[in-house]
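Engineer: I'd like to go over a predicted model; first the sequence, then the structure.
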Amino acid sequence: MASVRIREAKEGDCGDILRLILELAEFEKLSDQVKISEEALRADGFGDNPFYHCLVAEILPAPGKLLGPCVVGYGIYYFIYSTWKGRTIYLEDVYVMPEYRGQGIGSKIIKKVAEVALDKGCSQFRLAVLDWNQRAMDLYKALGAQDLTEAEGWHFFCFQGEATRKLAGK
């Protein structure tokens, strides 16, 4: 197995991050919903007050190989606040290219986000998963996550586009 490194993304990684976001959207059968651009990723993640943080998983070349590292996965996270628990980290996406799954790369990304959560004083680490993605649910449970839909009955809602404008009276 090749050597894998999990590191903080750099601005120059935005092209690879977008490529992987598009792959994830295709995997989730939601490709038509992707509206993000490389420029938006750059502006929103690498300015003075970033809206998100990102980790990338790279396969490192074998010694003596001419190829450079290859980005094969990512995790995008940000900080939210729970009125009951305080500081919380939310993992928006975790994705590993299909040909690299089963090697522990996704787990390494998730564990790195957990380290960030503890370093920042977060009491919770939250994420969501589509109800048909049993492999991901099994992984999260194996890592110690609790399914809040099962345990507490939470449902997540979202206002988008016109609904947000109407709600804001604009």
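Structural biologist: Here it is on my side, so go on.

Engineer: please name the residues that touch Ala128.
Structural biologist: Phe156 (Cβ atoms under 8 Å, 6 or more residues apart in numbering). (C-beta placed from N, C-alpha, C; glycine too.)

Engineer: which parts of stretch 140-157 are buried?
Structural biologist: Under the neighbour-count criterion of 16 or more other Cβ atoms under 10 Å, stretch 140-157 has Tyr140 buried.

Engineer: for the worst-scoring helix or strand of the chain on mean pLDDT, give me every contacting residue.
Structural biologist: When each helix and strand of the chain is scored by mean pLDDT, DSSP states H and E, helix 148-152 comes last, with a mean of 89. Outside of helix 148-152, the residues within contact range by Cβ under 8 Å, 6+ apart are 154-155.

Engineer: render the CA-only coordinates of the longest strand along the chain in CSV, please.
Structural biologist: Counting residues, the longest strand found in the chain (DSSP state E) is strand 70-82. Extracted in CSV, the C-alpha atoms of strand 70-82 (Å, rounded to 0.1, in the frame of the first residue of the first chain):
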residue,chain,number,x,y,z
CYS,A,70,-1.8,12.7,-5.8
VAL,A,71,-4.8,14.1,-3.9
VAL,A,72,-7.3,11.2,-3.5
GLY,A,73,-9.6,12.4,-0.8
TYR,A,74,-10.8,15.4,1.3
GLY,A,75,-12.7,16.5,4.3
ILE,A,76,-14.4,19.9,4.5
TYR,A,77,-15.3,21.1,8.0
TYR,A,78,-16.3,24.2,9.9
PHE,A,79,-17.3,25.3,13.3
ILE,A,80,-20.8,25.8,14.6
TYR,A,81,-22.2,26.4,18.1
SER,A,82,-24.6,24.3,20.1
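
Engineer: next SSE downstream of it?
Structural biologist: Sequence order places strand 86-96 as the next helix or strand after strand 70-82, per DSSP states H and E.

Engineer: tell me the buried residues in the next helix or strand after that next one?
Structural biologist: Per DSSP H and E, the first helix or strand lying C-terminal to strand 86-96 is helix 105-119. Going by neighbour count (16+ other Cβ under 10 Å), the buried part of helix 105-119 is 105-106, 108-110, 112-114, 116-117.

Engineer: same question, stretch 56-70
Structural biologist: By neighbour count with 16+ other Cβ under 10 Å, stretch 56-70 contains the buried residues 56-59, 69.

Engineer: show me the contacts for the one residue sitting closest to the centre of the chain.
Structural biologist: Nearest residue to the geometric centre of the chain (Cα atoms, centre = their mean): Asp93, 2.4 Å. With contact taken as Cβ under 8 Å, 6+ apart, Asp93 is in contact with 21, 24, 74-76.
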